[in-house]
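# how does the following fold in three dimensions:
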Amino acid sequence: MIHFRKILTGALASFLAAASVAFPAPVKADEFDISTIYEPYFMVSDADNPTVALDGLEKDADLRVFPASTTKVLSCIVAIEQTEQNGKSFSDMVSVSANAVDFGRGNSLMGLEEGDSYSLEDLLYGMMLPSGNDAAIAIAEHIAGSTKAFAALMNAKAQQLGMTSSHFVTVHGKHNDDHYTTVRDMAKLTAYALKNEMFCKIVSTATYTAESGPRAIELVNSNRMLIDTPPTEKLQNPISCLYENCIGVKTGDTTQAGKCLIAAARKEGITLIAILYGGTLGDSSYDAGASDSRRDPYNAYRFQDAKRLFEYEFNKMERSVTLQELKQSGLQTEFEIRVPNAIIDDPNGGILTVRADLADSMTMNLMEPKLRAILDNAATLQFYFMAPNGIEGLTVEIGGVEYTIHSTSTSGKYYVEITQMSAGDFRKVLTAKFKLNGTETGQAFSYSMNTYVSQVENHATFGSLAQRLYNYGKSAYNYVN
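Numbering: from 1, shown residues only. Model prediction:
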């Protein structure tokens, strides 16, 4: 008899993936009244399929519109890719020309002066957070030599992405009749840009200090879903539009474009995109010359509408299920595993029974679409464990197939990848046989002490779901015999 109990955290993923779970049918959500969206052009979509509106929630998404400063989404991703692909660095210093600061009142600016020199990274934040037109010009001249040449790069990228109803003339989005797009095209662009790590880091930042130049410049994001507008003497109680799931991306506002917003939100591994254009256009009740407090509700509409669209769709996707329902769908909650380093005289031959220490009545809210996609379509399992530093010649046999162990660093963290994964592979991992230079080993670095399943494909969803299951119960999996 093996006399110990051990929490096997990683087995939670196995616990959930061991069966193809049939979720209960979703409760029908109340219909969303699209007439309550203030902006005349909008859509909400999944970033995995950005041109198809979720539940038909779109309006005039293919009509030509002016994008205003949401143009900078394209300017930003083009600048990032040109830097990454051409061997340049985000730390490269950029000189600010007279052309870059030739703006009058009414322009959104980073606060540059002619002759300044700031890093490209600082300027990217200056372009995307306060929507600095001066930073956009400086970046364009640095990357392409001129704004005209940079605009050509923008149009080339738009065509590459299939933005067939768009044409760009300026790098910052100031009005030009020949500078236009559609809501659907911008959804396609945004989904693409959100795949870039640098882009995501910038647009999700609430505040930033540009310190590489002659003076520090404090930058505040204009996206009120990320940070509240600070009170001022003229606007003492600005409306809060914060949304905890928001991850960016960009605002825009001109007389001809109206108040615009591209927003993205992420929950349980699902990313949604909302494009809302044309706020205040044709609204006779809006007075651009009114007081700040009088205008604030109009400024807030786009953020509030994006939040409502996100919450509606996330709520529809969420499924509330009990462990009992999952078990009735075929979810396995108890099975046996073999411990490679069991003592020789163990009467059970190193076999342990693993049982989920969770109540049948436990209720979980799961994002069903992404979970089902992972269960059905995941292709690779990365299986991590810890081992002594510098060990070589270690392999692992899983389900009768021997895999080479890969080291991620010198910290003792190793992994093996199983391709063409099926749900059963999770269970196979639990019976892994480790070999050192071809000989099976029972050393302490075996999975029974330190192994955990880290991620499936590129999604962190599975890990967070496993952690949620762990948090719901008093413990996760326990050895019980």
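# quick one, helices of this structure?
Under the criterion DSSP state H, helices of the chain are mapped to 11-17, 72-85, 120-128, 133-144, 147-160, 183-193, 197-203, 292-317, 323-328, 368-377, 423-429, 447-450, 461-472.
# worst mean pLDDT among those?
Comparing mean pLDDT across the helices of the chain, the lowest value falls on helix 447-450: a mean of 26.
# low-confidence stretches in the protein?
Along the chain, the parts satisfying pLDDT under 70 run over 1-30, 321, 325-342, 352-358, 364-481.
# the domain parsing of it - what is it?
11-23+329-479, 34-317 (automatic domain parsing).
# buried stuff in stretch 88-108?
By neighbour count, with 16 or more other C-beta atoms under 10 Å as the criterion, the buried positions of stretch 88-108 are 94, 96-97, 100-101, 103, 108. All C-beta atoms are positioned from the backbone trio N, CA, C, and that covers glycine.
# so which of those residues is the closest to L123?
Taking C-beta to C-beta as the measure, L123 sits nearest to V94 out of the buried residues of stretch 88-108, at 5.7 Å.
# that closest one bridge partners, please.
Beta-bridge partners recorded for V94 (DSSP bridges): Y118.
# OK, contacts around it?
Going by C-beta atoms under 8 Å, 6 or more residues apart in numbering, V94 touches 117-120, 123, 138-139, 142.
# switch the cut-off to 10 Å
100, 112, 116-124, 135, 138-139, 141-143, 212-213 (C-beta atoms under 10 Å, 6 or more residues apart in numbering).
# how about R64?
Contacts of R64 (C-beta under 10 Å, 6+ apart): 41, 165-167, 180-182, 185.
# including distance to Q324, could the buried residues of stretch 88-108 go into CSV?
Below are the buried residues of stretch 88-108 laid out as CSV (distance: C-beta to C-beta, whole Å):
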residue, distance to Q324
V94, 61
V96, 64
S97, 68
A100, 64
V101, 66
F103, 64
S108, 55
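# circling back to that earlier point, show the buried residues in the contacts of V94.
100, 112, 116, 118-124, 135, 138-139, 141-143, 212-213.
# strands - which of the buried residues of stretch 88-108 land there?
Residues of the buried residues of stretch 88-108 located in strands (DSSP state E): V94.
# closest one to V203 out of the buried residues of stretch 88-108, please.
S108 (15.4 Å).
# quick one: the nearest residue to the closest one once chain neighbours are set aside from I344, how far?
Among residues not flanking S108 along the chain, S131 sits closest, at 4.1 Å (C-beta to C-beta, 6 or more residues apart in numbering). Going from S131 to I344 by C-beta to C-beta, to the nearest Å gives 70 Å.
# neighbours around K201, how many?
13 (other C-beta atoms under 10 Å).
# over to I262?
If we define neighbours as other C-beta under 10 Å, then I262 has 29 of them.
# what of A79?
Count around A79 with other C-beta under 10 Å applied: 29.
# ok, the one 4 residues further on next?
Close neighbours of T83, defined as other C-beta under 10 Å, add up to 20.
# please apply the same query to the one 3 residues further on.
Here the count is done by other C-beta under 10 Å, and N86 has 8 residues near it.
# biggest separation within the contacts of R64, which pair?
Every pair of those checked by C-beta to C-beta; the farthest is Y41 and H167, at 17.0 Å.
# those two: who's more crowded?
Y41 (25 against 16).
# and the residue nearest to the more buried one when sequence neighbours are not counted, how far is that from G350?
Excluding its sequence neighbours, the residue lying closest to Y41 (C-beta to C-beta, 6+ apart) is Y277, at 4.2 Å. Distance of Y277 to G350, computed by C-beta to C-beta: 64 Å.
# neighbour-wise, which of the two wins?
Shown here are Y277 and G350; by other C-beta under 10 Å, Y277 has more neighbours (30 against 16).
# correct me, but that one touches E58?
No: Y277 is beyond contact range of E58, at 11.6 Å (criterion: C-beta atoms under 10 Å).
# find residues that contact each of those two.
In contact with both Y277 and E58: 41-43, 183, using C-beta under 10 Å, 6+ apart.
# what subset of these is buried?
41-43, 183.
# take these and lay them out in CSV including distance to T70.
Formatted as CSV, the buried ones among the shared contacts of Y277 and E58 follow (distance: C-beta to C-beta, whole Å):
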residue, distance to T70
Y41, 12
F42, 13
M43, 14
V183, 10
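# the residues you listed in strands, which ones?
Those of those lying in strands (DSSP E): 41-43.
# I'd like these as JSON lines, with distance to E84 appended.
Shown next, in JSON lines, are those (distance: C-beta to C-beta, whole Å):
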{"residue": "Y41", "distance to E84": "32"}
{"residue": "F42", "distance to E84": "32"}
{"residue": "M43", "distance to E84": "30"}
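# where's the closest residue to T363 other than its chain neighbours relative to N223, distance?
Leaving aside its chain neighbours, T363 sits nearest to T322 (5.3 Å; criterion: C-beta to C-beta, 6+ apart). The spacing between T322 and N223, counted by C-beta to C-beta, is 38 Å.
# quick one: which of the two has more around it?
Between T322 and N223, counting by other C-beta under 10 Å, N223 is the more crowded of the two (28 against 15).
# just checking, that one touches I262?
Yes: using C-beta under 10 Å, N223 is in contact with I262, at 9.2 Å.
# any common contacting residues for these two?
Contacts common to N223 and I262, judged by C-beta under 10 Å, 6+ apart, are 203, 248-251, 302, 306.
# from the residues you listed, which is closest to A359?
Looking across these and measuring by C-beta to C-beta, the closest to A359 is A306, at 38.0 Å.
# check contacts around that closest one.
So A306 contacts 37, 39, 42, 44, 223, 225, 241, 243, 246, 261-265, 272-276 (C-beta under 10 Å, 6+ apart).
# again, but for Q82
88, 139, 142-144, 150, 153, 157 are the contacts of Q82 under C-beta under 10 Å, 6+ apart.
# save these as CSV, and put in distance to R294 too.
Listed next are the contacts of Q82 as CSV, based on distance: C-beta to C-beta, whole Å:
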residue, distance to R294
K88, 46
I139, 35
H142, 40
I143, 41
A144, 42
F150, 38
L153, 41
K157, 40
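# so what pairs up with E318 in the strands?
Bridge pairing for E318 - DSSP bridges - gives M367.
# surely it is in contact with T363?
No: between E318 and T363 there is no contact under C-beta under 10 Å: 11.8 Å.
# neighbour-wise, which of these two wins?
E318 (17 against 12).
# for G132, which non-adjacent residue is spatially closest?
G132's closest residue in space is M110 (C-beta to C-beta, 6+ apart), at 3.0 Å.
# list the contacts for that neighbour?
96, 100-101, 116, 118, 122-123, 125-136, 138, 210, 217, 219.
# kindly recompute the last result at 7 Å.
With contacts defined as C-beta atoms under 7 Å, 6 or more residues apart in numbering, M110 is in contact with 126, 130, 132, 134-135, 217, 219.
# can you name the two of these that sit furthest apart?
D134 and L219, at 12.3 Å, using C-beta to C-beta across the contacts of M110.
# ok, those two, which is more surrounded?
Set D134 next to L219 and count neighbours by other C-beta under 10 Å: D134 wins out with 28 against 22.
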